[in-house]
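Novice: The sequence isn't on hand, but the structure is:
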């Protein structure tokens, strides 16, 4: 099985000015061809660093994808570094030069003299045409390995990948095939899920199951390796079925949907609509729901009742209830959800009240304490949560997702 | 001058599932200490790859920052790889184990047995405490070099950097001193700002001015290099003053505040409160305002009027107005802001209505069309915007920030 390495070149990637998204994009594309990326390097515009990187990359990978450093200015050094790595000279290409002149003429711009360096490529390498910009790409072959060098500008890089690199790699049939699909879970920690799956998560297993965590959402990556696509696909299908049957309602999607999208799908299926009454999340649940296009089909809107006055005025919560229990309490979260449902004659409602911090906590009601009420028809559920009190952003994110997850479970998985 | 290398570990970074933002964040932080990042490596969860990476990194850099691979599951191998690299055994730490147990107990959760692997660290390394999660970090010293290993979860990584790594690196004086500070702008494009600044943005200048763009916000990074801290600092102060006088009200912060924080500060200074009435942004403005701790001092709350019914019911907008002009119109945005202000007897209000797409556009009212109304006292301003129709998320983000920026300008810069 062929393996790839990706090298991203440019000082701007090392000084925090630019996030390297090219490597991410390329690794996704390669995986679709069943080619795993072994390592990614990011190096600055320095000939010796780049050459040393090419050496290391060609020890690890059979396919080396290089982006960046092909511009016309002094700090673009990939051409020189590739020539040095291959042990050849740079060669002037008349057809490249003519192409550059034509490119500028078609835009009615005089070609700057510095652009002519882009007509030089290392002897013996093939030109990858650039229909979008001036820098040509380069394709070198050595020891049965392929090195592709493309510009760092994403639109140029992508265009060269699609027109030249992809067809070439696709024609070099690779076997075995590696496929990856995902199962998305909410409602338990990584270690709980790992325990339920037991030695299914062992390394070296096929299919392999990897686990990543983000904001309380657990993603299980199921990676199957097989001789052909159909076999890999059927291994994945079978493995996903087994995982779903073990994890049950912890799984909210096997199709890469977001939690708000899943909630939206369930509401649409049940022809139900939803309103929200948010305090500590301050609009975040509404924002997450309306991230999905077409959410107006089921989301009627909501109230951001950040003050007691608005809870009383807009949701009909009594002053006595607020004074007796406090705004962050089980009865107030319940009254918020029920008040919102009644006000809008909605089918379902979420009410949420908590202390996101960093201030405002007490011993009895610490930062991280959140009450979430979910109403569907006449069914009301209110739960208390104590999220890790360290980061306001995390408490709000967890609270919003937990509310959506409670609604998902109530609507039936 | 010390140099750094960054190693990001995790299969999810190689299979296109996750973009590595940790390396980008860390390189920015290091640059503020005057420490350049020489190379970034991304490797999978494979002991031999990780060890080989550590070797290469310690040839290039004096400071090696490693993130990822510290979780409790079988695919988390950074602990083992670090022990192998250092040529030592993993050692059980009773205090780490007790800390883990306490972490779970405080959350009323039984600790899964697999979590106990997180109580092992390579012999001779120091523990970096994790106040946010379960995985401890590690700090190894060898040949006068420092290797820091932190979790890949951004909030945990950042917390360890700020509490442990930053103070330690800052105490190791480096000369020359490189300081970076930022000026944040909203309301003009990158090229307009570049034109206003002229050759102040030339490469190689000291202080150097770099420019980055994100979601319509322009950040100017002012980088001063000098022999001592005071000199670098005074160069920065002088340069920032000049830039502010050139750019005027385009500048919303010279102190790294967010736009919602600046709006909050102005409202607080003026003892004013604010309500929001959101349609196309669906709660995003409320979310952005309440990201700031203490926002209940000035933000009373708002209405997410995602349906016409809620606009009529909650904001007192007449059915006729909606029928005559449509929900996405100048008069309706105005009526939303005024209705919200009146309902809550608030000092200031934002009303916003638009078409975020991808569906719902017409020739007359295309995707990206947004009306924003801002009210302060009896002063009302309504503006029409046509944002690039390409991404729903971008339209919503731009619309929300533009509304906050209009309010900032109305409150006086």
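Specialist: Sure, I can see it. Just so you know, these numbers come straight off a predicted model, no measurement behind them.
Novice: Residue of the stretch 101-250 of chain A nearest chain B, please.
Specialist: residue A:191 (3.7 Å; CB to the nearest CB). From N, CA and C alone the C-beta is placed, and that goes for glycine too.
Novice: tell me the contacts of that residue?
Specialist: Residue A:191 makes contacts with B:72, B:73, B:111, B:112, B:114, B:115, as judged by CB atoms under 8 Å, 6 or more residues apart in numbering or on different chains.
Novice: Can you give me the pLDDT of the fourth one?
Specialist: Reading off the confidence values, residue B:112 has pLDDT 85.
Novice: Name the helix or strand for the closest residue to it other than its chain neighbours, please.
Specialist: Excluding the flanking residues, the one nearest residue B:112 by CB to CB, 6 or more residues apart in numbering or on different chains is residue A:191, at 3.7 Å. Using DSSP states H and E, residue A:191 maps to helix A:190-197.
Novice: thinking again about what came up before, which two in the contacts of residue A:191 are spaced the farthest apart?
Specialist: B:73 and B:111 (14.4 Å; CB to CB).
Novice: Pick out whichever of those two has more residues nearby.
Specialist: residue B:73 (22 against 19; other CB atoms under 10 Å in any protein chain shown).
Novice: residue contacts, the residue lying closest to that one once chain neighbours are set aside?
Specialist: Nearest residue to residue B:73 in three dimensions, chain neighbours excluded: residue A:194, at 4.8 Å (CB to CB, 6+ apart). Residue A:194 is in contact with A:201, A:211, B:72, B:73, B:74, B:112, B:114, counting by CB under 8 Å, 6+ apart.
Novice: in chain A, which segments are predicted with low confidence?
Specialist: Counting by pLDDT under 70, chain A shows low-confidence ranges at A:16-17, A:173-175, A:413.
Novice: and the stretch 301-413 of chain A, which of its residues are near chain B?
Specialist: Contact residues, the stretch 301-413 of chain A versus chain B (CB under 8 Å from any CB of the partner chain): A:301-307, A:309-310, A:313-314, A:343-344, A:356-359, A:386, A:388, A:390-394, A:396.
Novice: at 10 Å what do you get?
Specialist: With the criterion set to CB under 10 Å from any CB of the partner chain, the stretch 301-413 of chain A comes near chain B through A:301-311, A:313-314, A:343-345, A:356-360, A:368, A:386-394, A:396-397, A:400.
Novice: which of these count as buried?
Specialist: Buried residues within these, counting neighbours by 16 or more other CB atoms under 10 Å in any protein chain shown: A:301-308, A:310-311, A:313-314, A:343-344, A:356-357, A:360, A:368, A:387-392, A:394, A:396-397, A:400.
Novice: re earlier: turn the contacts of residue A:194 into TSV, including secondary structure and distance to residue A:185.
Specialist: Shown next, in TSV, are the contacts of residue A:194 (DSSP: H, G, I helix; E, B strand; the rest coil; distance: CB to CB, whole Å):
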residue	secondary structure	distance to residue A:185
A:201	helix	13
A:211	strand	9
B:72	coil	16
B:73	coil	14
B:74	coil	18
B:112	coil	15
B:114	helix	17
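Novice: and which of those residues is nearest residue A:133?
Specialist: Using CB to CB, residue A:211 is the member of those that lies nearest residue A:133, at 40.2 Å.
Novice: what's the neighbour count on that closest one?
Specialist: Residue A:211 has 24 nearby residues by other CB under 10 Å.
Novice: Bridged to it, which residues?
Specialist: Residues in a beta bridge with residue A:211, per DSSP bridges, are residue A:220.
Novice: quick one: it and residue A:247 touch, right?
Specialist: No. Using CB atoms under 10 Å, residue A:211 makes no contact with residue A:247, being 11.7 Å away.
Novice: Please determine how far the residue of chain A most remote from its centre is located from residue A:332.
Specialist: Distance from the C-alpha centroid of chain A peaks at residue A:320, with 46.0 Å (CA atoms, centre = their mean). Distance, residue A:320 to residue A:332, using CB to CB, to the nearest Å: 11 Å.
Novice: And residue A:389, by the same measure?
Specialist: Taken as CB to CB, the span from residue A:389 to residue A:332 is 20 Å.
Novice: Next step: the residues of the stretch 301-413 of chain A next to chain B restricted to strands.
Specialist: A:301, A:302, A:303, A:304, A:305, A:386 (DSSP state E).
Novice: how about the strands in the stretch 101-250 of chain A?
Specialist: Remark: strands assigned in the stretch 101-250 of chain A by DSSP state E, counting those that start in this stretch are A:120-122, A:126-128, A:137-142, A:145-150, A:177-186, A:208-214, A:217-226.
Novice: Now do the buried residues in the last one.
Specialist: Pointing back at strand A:217-226 there. Within strand A:217-226, judged by 16+ other CB under 10 Å, the buried ones are A:217, A:218, A:219, A:220, A:221, A:222, A:223, A:224, A:225, A:226.
Novice: quick check, nearest of those residues to residue A:34?
Specialist: If you rank the buried residues of strand A:217-226 by distance to residue A:34 using CB to CB, residue A:225 comes first, at 8.5 Å.
Novice: right, and that closest one touches residue A:207 too?
Specialist: Yes. Contact criterion CB under 10 Å: residue A:225 and residue A:207 qualify, at 7.7 Å.
Novice: Could you name every residue contacting both of the two?
Specialist: Both residue A:225 and residue A:207 are contacted by A:178, A:179, A:232, A:235, under the criterion CB atoms under 10 Å, 6 or more residues apart in numbering or on different chains.
Novice: Hmm, the third one is touching residue A:225, no?
Specialist: Yes. Using CB under 10 Å, residue A:232 is in contact with residue A:225, at 6.7 Å.
Novice: Which neighbours do the two have in common?
Specialist: Counting by CB under 10 Å, 6+ apart, the residues touching both residue A:232 and residue A:225 are A:34, A:176, A:177, A:178, A:179, A:206, A:207.
Novice: mind listing what the fifth one touches?
Specialist: If I follow you right, that is residue A:179. A:31-32, A:34, A:207, A:222-226, A:229, A:231-233, A:235-236.
Novice: How about it: what's its closest non-neighbour residue?
Specialist: Per CB to CB, 6+ apart, closest to residue A:179 is residue A:232, 4.3 Å.
Novice: same check, this time on residue A:265
Specialist: Nearest one to residue A:265, counting by CB to CB, 6+ apart, is residue A:257 at 7.2 Å.
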